[in-house]
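J.: Build me a structure from this.
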Amino acid sequence: MHMKDEAAVGIAFADPVPNRHASLHGIVSYSSPQSSINAILAADYLLRAISTIKQLAAEDVAAAHDRAVASN
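T.: Presented below is the predicted three-dimensional model:
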């Protein structure tokens, strides 16, 4: 999506999920309370997902290590 296209700007402006790229370039402004809450919720979701993935990966490594030690 190229932000110089008027249709793309309209889509980005109407989207309730903040578009960081468009905002950084000054194409759209997310100054409403809803946009702020949406950004906070999106960040919280991503941070929780990343934390969970890292925890599960660490548990997999520990389980593989335990299996390797037990087989020796």
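
J.: what about Ala43, which helix or strand?
T.: Using DSSP states H and E, Ala43 falls within helix 33-71.

J.: pLDDT of that helix, averaged?
T.: Mean per-residue pLDDT for helix 33-71: 92.

J.: Next, report how far that helix is displaced from the centre of its chain.
T.: Centroid displacement of helix 33-71 relative to its chain, using Cα atoms, centre = their mean, to the nearest Å, is 13 Å.

J.: Okay, buried residues for that helix please.
T.: Of the residues in helix 33-71, Ser35, Asn38 count as buried by neighbour count, 16 or more other Cβ atoms under 10 Å. Any C-beta I mention is one placed from the backbone N, CA and C, and that applies to glycine too.

J.: I'd like the distance between the most centrally placed residue in the chain and His65.
T.: Residue closest to the mean C-alpha point of the chain, counted by Cα atoms, centre = their mean, is Leu46 at 4.4 Å. Remark: distance between Leu46 and His65 (Cβ to Cβ, to the nearest Å) = 29 Å.
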